[in-house]
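Colleague: show me how the following folds:
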Amino acid sequence: MRPTRPSMQELIGRRKRAGFVGRRAEIDRFRGNFDVPPDDERHSFVFHVHGTGGVGKSSLLRELKQVAADCGAATAMLDETVHSVPDAMAAISAQLASIGRELKALDKMLSAYRQRRHEAEAVAGEQEAEPGAAPGPSAGSMVAAQAGLIGLGMVPGVGAFAGALDSTQVAHRTDQLRALLSARFRNHDDVQLLLEPLRVLTPVFLAELNRIAESTPGIALFFDTYERTGTFLDGWLLDVITTGRYGTLPANVVVTLAGRHGPDPARWGDYAGFVTEFPLEPFTESEARQLLAAKGVRDEGVVQEVLRLSDRLPLLVSTLGEQPGGTPGEVDDPAATAVERFLKWERNPVRREAALACAFPRHLDEDVFRVVVKDEAESSYAWLRELPFVSERASGTRYHDVVRTAMLRLQRNRAPRPWAERHASLAEAFGGWREDAADGLANDELWLDETWRELRTAELYHLLCARPRPALSQALADVVEACHTDPVAARACAQALADAGTDAGAGEVEAWGRELLDVLSREGDGVLAVADLLLNRPGLEASARAEAHGLRGRELLREARYDRALDEYDRALALDPRSARAHYGRGVTHGALGDAAAALADLERAEELRPDATWIIDEYALTLQRLGRHDDVVAACDRVIALEPVHAMAWAVRAYSRFEMGDAEGALRDFDRALGIDEDYLWALVHRAEVYRGQGALEESFADLDRAAELAPDNAWIASERGDAYRIVERYEEAERELGRACVLDPDHASAHAGRGYALAELHRHAEAMAAYDQAIELEPEYGWALVHRAELRGELGDKEGQFADLDRAVAADDSGWILEARSMAHHDAGHHEEALADADRLAELPGHDLDPTVLQAGPLQALGRFAEAEALLDQALARDPDNLYFLVERASARTSRGRYAEALDDMDRALALDPDQAGLYQARLGVGMVLGRVSQSLADAERFVACGGDPVLGARYTALLLTLSGRHDEACRLLDGLGAKGEQEEDWELVQLCWYTAAAAGSWDQASRSALWMRDHADETKRQAGAALLSALVRGSASEFLPFEPLFMSYRQAATNAVPDAWLGTNPLLIHSARGEWSAVDKELGGFLARVHDWLPLATLANLLGILARCPGIDGTRIAPRIAALEAARDAAQARYAE
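Modeller: Numbers count the residues shown, from 1 in each chain. Just a heads-up that it's a prediction; the model follows:
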């Protein structure tokens, strides 16, 4: 609530406004605008006041502000004390809050921005070195750069002047910094807030203005001294007013600009019809006389003298008209006359001296006033503020430049020694206040603190005015220190140099200030240019020179010029071996070059030198985390937490490492603590959700992700993480929707496109999936995850060439373990066992991967028939990991292939003891049991397989086959009843084949014929030609009679010539010779078969097939019967040998 009693400031302002004269047309036009609805074409949204210094722009702006307030508008006025767009938004928010119109959401976001800026300035640059040529900027960075949105102080040397730079250059540097900050903050919102503060802050600012606009007749925003602030405000204001880039501006907002120049035609030319210009000229003679009359000056001689000396500039007319008493013709210099006239007309010598003394500080408040006037008790600060050339600004009371410059020049020329003494006294006062302001601030925080910064630059200004040459070296050192922290602070130092040089007549100081301002405002690499400027000239002492080399190193590091950056850090440390900042920067540079040992050595040394610097330990912990040294990460975070218990990032980083170490409970506790400190910490919410998901607590996991999405509904990273969470838990439709939303929010978000591709593939929307993968890979051509999964999709669609092209490309881009694993498995699945083994062996040579290469080596070795090698390798693996189920199952397979069945069953029994509820283990043991003829155990395993979640149809197939091979044909037929139709409906050829086999073995010829006919019609070309050709050679009666037996021959390959080739005999000659009645050949083949085959499953299978053939028309079953009996005897002997 506003106070009911007016303040001193309000009373002084009223008295000044009461004497306001002239500019009636402008005031009336402005006042009338509030009576015109915004949708009326006569309504103006923007006013632009412009004219030369002293013409009365600021006075008119103050009058217009009061007019707006009288019309009920909420008002705010800004001047040159703001240094960036976020500063401007903060100033508007503060002024609106003072009249009860708080912008709370904006204030919260600005607070986060300031905190993240402070944390980010500790980062010297962490991006990893890219092999080969540097990549082009991302499309998102290019768009932002072209829109003039990047940085505001976070992109080194760009700051608020990004719009004046080449967009590609800005975008390249932004991409480098984006990678750096992403590694640092782990929170996409924080990175966006730092890199593109306008894109994040402005929508919140506009939303808050819209909110308060609903309850007020209007909002009037005033921007004074626009010739200074327009360099960074103009493009932003134009966007806010004329485009929807950040959202909508309420229609009842009126913006008024005041500066020495009119609207920039390059920017505002297309909108001239919406801007009302107030070009101010000096007073007319009538207006000047009116003002003089209001001040009691009516003597025509005096009036004529004032008109002559002032050139009718309102400021000088007002000043010269105060307390008349002079006579015409005394002084010819208007500025000097302003001083002398004021001094002469003020009869109180104390006040005369106070007025002159108060020109020394650039800004003053009551504390500064007391220092300046000392014990002159009769002087009144309130009186001073009523003077016509004194105005109120956000930074305090300020003299108009015209009068202040004249007063300073007069006193410097008249009394150089008192001039220096007064400045020295002010420097001492500001220095004392600065020391008080530093209380509770770390050294790294000083230049980021606005109060401390303003006091220090004021102190520098007065030191330079008092003793320009001796103070120059310290001032330049301050420029270096400020550049390390914030380009805005560096500009403030440079401005102090320029102002002091001008006011003290010190050309060298002024030249330094102007050059520094120039490179900071116009160059794309402004901070680097400052370092070059300082290092290429004398003037810096050794410690400051070391810091300047470090500054240049940091900027080169940010530009990925690593070798040069190392050189600069080496020079810095040669001059000052105890520079923690240089050790830190060199450590980060070594890390970017991949030299982890050197990086850690420098970071450890930096921490030794500055054990209380949490930003150094933070970087050390992050470096360790990237190396997977999670124990050390926890220890480093412990040190940060001991120094700063409410350091949310340390708790979150420690939580992440604890999770990676398998301590999920500890990770949750730490994430809880981080979120207790900062409940809106998005990175912590997202990764706590990951921990919950790992524990199976999906409700809690998605609650965290939902909370993150609620906090940042338009954040593409959050949408992507949430979509990936749906994908991981196989909720593919939700995953596709959320990942699609992420792609809309950020079309350049490669991982969102890739994740969406995966979800689409799982939904069998293959064309869309391929397009999504293509988009991801177009954005990031070396994106391994997307390449691997596109390869999988291509493989599923039959594009084997494309599959392996993608896998080869992925390995070429990143031969990390998981990609080699994927290619090895793909080769194995495709039957490329030598290539699969080569990738597995290559994986075994890589350090630091999680997967035991034996997982990949065992399968190809067995496929290549190298069973002994496979078993030996698996023996070693099980010695390392005795309870590894995969190794036990693989060794059981190798042992089975080597005929070591008892040992194979021991492995399977051991695996099932470890995990009795895993369906796959029963399936694997069932396979071994079938080989040995352990029918009862295998039937039980098939039943248990289904009970543990295995496919019921697959379980039925195992059971039916076992029953058929055991001669229990009726049971098998009943079990498969209906499954034949299911197989035909789903075109499952193997299932129909099993139904045929069971029916044929049982003598159910009608069922076998129906299945055989379907199989022939749906067989591939090789099977169909083989079966038909062989039957045509064997038929001795009606072809239809042979239909039930056709599948017997469908697996034989068709030869290039000869319809019934002898080459078929090599596949299963027993059946062929038996069908032809070539009994001597049958006996020869059977003898060889029984000599080499001793396992129940192949013996039982061949016996059943010969039994089916024996029923074939035209076949002499009596001749086949004794051969079947021999097989059954061997079968039963094998079963007895491995009896359960």
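Colleague: could you use CA atoms for every contact and neighbour count after this?
Modeller: Fine.
Colleague: verify the stated contact: Glu834 with Gly859.
Modeller: No. Using C-alpha atoms under 8 Å, Glu834 makes no contact with Gly859, being 10.9 Å away.
Colleague: give me the more crowded residue out of the two.
Modeller: Ranked by neighbour count (other C-alpha atoms under 10 Å), Glu834 and Gly859 place Gly859 first, with 24 against 16.
Colleague: contacting residues around that one?
Modeller: By C-alpha atoms under 8 Å, 6 or more residues apart in numbering, Gly859 lies in contact with 828, 870, 890.
Colleague: what is the neighbour count of the nearest residue to the second one once chain neighbours are set aside?
Modeller: This points to Ala870. Distances taken as C-alpha to C-alpha, 6 or more residues apart in numbering place Ala858 nearest to Ala870, at 5.1 Å, with adjacent residues excluded. Neighbours of Ala858 under the rule other C-alpha under 10 Å: 25.
Colleague: over to the one 4 residues further on?
Modeller: The number of residues packed near Gln862 is 20, by other C-alpha under 10 Å.
Colleague: thought Ala870 was touching it, still the case?
Modeller: Yes. Contact criterion C-alpha under 8 Å: Gln862 and Ala870 qualify, at 6.3 Å.
Colleague: on that earlier part again, now the residue nearest to Ala870: which helix or strand?
Modeller: Ala858 belongs to helix 854-863 when assigned by DSSP states H and E.
Colleague: after that helix comes which helix or strand?
Modeller: Next along from helix 854-863, by DSSP H and E: helix 867-880.
Colleague: and that following helix, C-alpha only, in CSV?
Modeller: Taking C-alpha atoms only, helix 867-880 is exported to CSV below (Å, rounded to 0.1, in the frame of the first residue of the first chain):
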residue,chain,number,x,y,z
PHE,A,867,32.2,-75.0,-28.2
ALA,A,868,35.3,-75.8,-26.2
GLU,A,869,36.5,-72.2,-26.5
ALA,A,870,33.1,-71.0,-25.5
GLU,A,871,32.9,-73.2,-22.5
ALA,A,872,36.4,-72.2,-21.3
LEU,A,873,35.5,-68.5,-21.7
LEU,A,874,32.3,-69.0,-19.7
ASP,A,875,34.2,-70.9,-17.0
GLN,A,876,36.4,-67.8,-16.6
ALA,A,877,33.3,-65.5,-16.6
LEU,A,878,31.6,-67.6,-13.9
ALA,A,879,34.7,-67.6,-11.8
ARG,A,880,34.3,-63.7,-11.8
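Colleague: by mean pLDDT, which helix or strand of the protein comes out lowest?
Modeller: helix 139-146 (a mean of 31; mean pLDDT, DSSP states H and E).
Colleague: quick check: neighbours shared by Gln862 and Ala870?
Modeller: By C-alpha under 8 Å, 6+ apart, the residues touching both Gln862 and Ala870 are Ala894.
Colleague: before we move on, back to that, CSV for the contacts of Gly859, including pLDDT, distance to Leu198 and neighbour count?
Modeller: Output for these, formatted as CSV (pLDDT from 0 to 100; distance: C-alpha to C-alpha, whole Å; neighbours: other C-alpha atoms under 10 Å):
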residue, pLDDT, distance to Leu198, neighbour count
His828, 92, 52, 20
Ala870, 91, 61, 24
Glu890, 91, 59, 23
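Colleague: wait, which of these is closest to Pro1069?
Modeller: His828 (30.2 Å; C-alpha to C-alpha).
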